[in-house]
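Model the structure of this input:
(2 chains)
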Amino acid sequence: MSGRVLVVDDEVEMQRALRTGLRYHDFEVRAVGTGEEAVRESAAWRPDVILLDLGLPGMDGFATLRALRPATRAAVIVVSVMPGEKDKVRALDAGADDYVVKPFGTDELVARIRAVLRRQADLPAGEPVIRAGDLEIDLARRSVTAGGRSVKLTPTEYELLRYLALHAGKPVTHTTLLRQVWGEYAVGDKYNTRYVVAQIRKKLGDDPANPRYIVNEPGVGYRLQA
Amino acid sequence: MLRRAAPYAVAIAGAVVVTIAIGLVSIRFQVPGLSAFYLLLVLWLGATWGRGPAVAGSIAAFLLYDYYFVPPVGTFAVRGPSELLELVVLLAVALVTGQLAGSLRRTQSAAEALAADERAMYELATAALRSPEVSVALGLLSERAVRLEGVTRFALVAMDFGSAVPLAGGEVTADELRQATWSYENKRPIGVALSDGAVRLMRTSPESKEPAYMPLASGVAVMTIDPVGSDPGDLRMLAALVGLADLLLDRRRAVLEAERARGFEASDRLKAAILSSLSHELKSPIASLRAGLTALMAPQAGLEPEQRELLGDLDGQASRLDRLVGDMLALSRLEAGMELDREPHRFADLVGTALHQLRPVLKGREVTLEIADDLPPVEVDELQVGRVLTNLIENANEWAPADGRITVGASTNEERLTAWVENDGPAIAPTDLDRVFETFWSRRARGSGLGLAITKRVVEAHGGTIRAENRRRGPRFTFTLPLARIAATR
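Residues are numbered from 1 along each chain as shown, chains lettered A, B, ... in the order given. Next comes the predicted model:
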């Protein structure tokens, strides 16, 4: 078994499709239709990943997320048909680990689930060096190398890259970056992050059209490729 | 007439009474300068009625004193220069004191009138501002105005978003409403003017009873003023009332506009709620379809390659349906006038993100960028402009030959950024250059016909323009985007 997945979706057809699809990829799957059941099931069964649809009847996805978050160590992937990016940002800021937009293919979903599981396994690192691909960040010496080449960053650029690297693979919202790198006063001025990310990309030799390190999540923020 | 003559009668009677009093006193005592009693009378007349009665009183006093007390008594003749002097002094003093007392009285009565005006205005303004319903306050104002001398009618017409609405002061005929509208729209008063803080009538004939129109910021005052019976003080008061009406109509307009804005907001929220529920209803079945179809494509499902291929085709159809639904919802959102989330962005980053998203579609085809590194930021909705770029680049990718080139470029001037997407595929027929942006018009058999329509609407929602043209190398789409208002400082 590669992990336990709790599917929270009110559409029975969706539940059945995901149960079948994820079992073919060696996941153990249970499915529930409401937020209340999700909270109960996550405490009783202890899943590794919760797939949470935001458009639940009754207790909605955000309320469920808030109820789940303190009680479970499971990674939460939010699922939504809403094209509005504000929901994604809200869910990430409320503690979701990732999001997937409906409709999605099973392969895409499996890749996302594996990524959050891998991140969970990597978490208790505590190592002085963070690695993401050929990017290395030495926290003790505050130095960065990309493909073995040393990169000179300003303190702001370093802080931003460090924060992304600590959460490699996870989308980090503009708000979180502004709060973590600049402080509460800077929240709202997203051009700060855009400008600094452009500078980091230039120094790392990263092409936004074909990014090796920092991927833009339109309307949300950035993700450092793990 | 009687009222105006009365003070003169009193003046003459007073002079007679004083003459009798002086006569009675001088029978008993020899008192010099008894004529000073007349001055008391003149002073009193001047203070009470003004100069006219005072002068009348002093002339009567002069004549009576001369006749009864100045020797030779019983005639108007004067014997010596000292008696003449006494008479002249009496007359002069009487005239001067009468004049002074009169002007004092005028000043005082003017001050009283002004104070009364101010008190009335204050009371009216307080009542008007306290009353929650502006039309009630306007009614009070109109009632106050017709109590003024010479004002027979004072109606107020509000101009609400282009239509004239009578609010206070009784009926207004259709013809009068037309005149009021004309006066408002041209900001020109009819038959009346405001000068030196008073309403002045501008009449071709003094008998004219036609109403006068005074345009205000949010309405028109329609007044009928009798040119003969009006009084200058009252016309000043009328001007003050017009000013107050102006303020009240303005306040009413502000309230209406706030209500209207709330109404629009509510209907925007409703539209957004309908579209989001529609989006959920249309996309949920597609989501289940795709999840189920792709689940069965896993090797563990144990299907034959031929069956897996069929599932792949079906999933492709489901994706196409999803895209079509997404495009239609996006178009509805744009047509419903949804708010844009505009922020400063580097155009190069927007293009980079679009190219990153299109990597599966471009299948390794290189896109040439002609975008300078130091372009100032644009102020746009990232997701919507992302849609513009993906639509145009995808379109170019479909038309460019297999070994053809796609170029994305941009340049700026002071006001805007001009961007283009070009490919070296076949030219667009000249008659189709405008039609490509029409809804449901497509050059391809399987195109939704929505992509370029959405593109055009997004660009226009940003205040930009878009056009298609045939260049020497191939078709080019050029569009403009607004620059960020505050250029980045770092």
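
which secondary element of chain A has the worst mean pLDDT?
The weakest-scoring helix or strand in chain A, judged by mean pLDDT, DSSP states H and E, is strand A:129-132 (a mean of 81).

Flag every buried residue along it.
A:130, A:132 (16 or more other C-beta atoms under 10 Å in any protein chain shown). The C-beta positions use only the backbone N, C-alpha and C, and glycine is treated the same way.

mind listing what that strand pairs with, with the direction of each?
Paired with strand A:129-132 in the same sheet, following DSSP bridges, are strand A:135-138 (antiparallel).

Now do the helix or strand just after the strand it pairs with: distance to the chain's middle.
Downstream of strand A:135-138, the next assigned helix or strand under DSSP states H and E is strand A:143-146. A distance of 24 Å separates the centroid of the chain from that of strand A:143-146, by C-alpha atoms, centre = their mean, to the nearest Å.

Check which residues of strand A:143-146 are buried.
For strand A:143-146, a neighbour-count test (16+ other C-beta under 10 Å) marks A:144, A:146 as buried.

Over to stretch B:13-33?
In stretch B:13-33, counting by 16+ other C-beta under 10 Å, buried: B:14, B:15, B:18, B:19, B:22.

Looking at that stretch now, give me its mean pLDDT.
Regarding stretch B:13-33, the rounded mean pLDDT is 82.

What of stretch B:39-48?
The average pLDDT for stretch B:39-48 rounds to 80.

Touching that stretch from outside, list them.
B:7, B:10-11, B:14-15, B:18, B:53-54, B:56-58, B:61, B:90, B:93-94, B:97-102, B:104-105 (C-beta atoms under 8 Å, 6 or more residues apart in numbering or on different chains).

Quick one, grab the pLDDT at residue B:165.
84.

what's across from it in the sheet?
Residues in beta-bridge contact with residue B:165 (DSSP bridges): residue B:158.

that older thread, can you list the buried residues of stretch B:13-33 in a markdown table and add secondary structure and distance to residue A:207?
What follows is the buried residues of stretch B:13-33, written out as a markdown table (DSSP: H, G, I helix; E, B strand; the rest coil; distance: C-beta to C-beta, whole Å):
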| residue | secondary structure | distance to residue A:207 |
| --- | --- | --- |
| B:14 | helix | 111 |
| B:15 | helix | 114 |
| B:18 | helix | 115 |
| B:19 | helix | 120 |
| B:22 | helix | 120 |
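
How about the backbone phi and psi for the residue of the stretch 101-250 of chain B found nearest chain A?
Per C-beta to the nearest C-beta, residue B:161 is where the stretch 101-250 of chain B lies closest to chain A, at 32.4 Å. Main-chain dihedrals, residue B:161, degrees, to the nearest 10: phi 50, psi 50.

show me what contacts it?
So residue B:161 contacts residue B:260 (C-beta under 8 Å, 6+ apart).

at 10 Å instead, please
Contacts for residue B:161 (C-beta atoms under 10 Å, 6 or more residues apart in numbering or on different chains) come out as B:253, B:256, B:257, B:260.

re earlier: and the buried residues of stretch B:13-33, which is closest to residue B:385?
Nearest to residue B:385, judged by C-beta to C-beta, of the buried residues of stretch B:13-33 is residue B:14 at 94.9 Å.

How about the closest one: what's its closest non-neighbour residue?
residue B:41 (4.9 Å; C-beta to C-beta, 6 or more residues apart in numbering or on different chains).

Now do the SS call for that neighbour.
helix (DSSP: H, G, I helix; E, B strand; the rest coil).

try residue B:317
Going by three-state DSSP: residue B:317 is helix.

picking that back up, send me the least confident helix or strand of chain A as CSV with only the CA atoms.
As requested, C-alpha coordinates have been extracted for strand A:129-132 and formatted as CSV (Å, rounded to 0.1, in the frame of the first residue of the first chain):
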residue,chain,number,x,y,z
VAL,A,129,21.3,22.2,3.6
ILE,A,130,18.1,22.2,1.6
ARG,A,131,18.2,20.6,-1.8
ALA,A,132,15.7,21.0,-4.6
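
Show me the helices in the chain, by range?
Just so you know, I chose chain A. For chain A, the helices defined by DSSP state H occupy A:12-24, A:35-45, A:61-68, A:85-93, A:106-122, A:155-166, A:174-177, A:190-204.

other chain: chain B
Listed in chain order, the helices of chain B (DSSP H) span B:2-28, B:36-49, B:51-69, B:81-130, B:134-146, B:174-186, B:232-296, B:305-335, B:347-357, B:359-362, B:382-399, B:451-461.

Please spell out which residues along the second one are buried.
To tie it back to what came earlier, the one meant is helix B:36-49. Buried, per 16+ other C-beta under 10 Å, within helix B:36-49: B:37, B:38, B:39, B:41, B:42, B:43, B:44, B:45, B:46, B:47, B:49.
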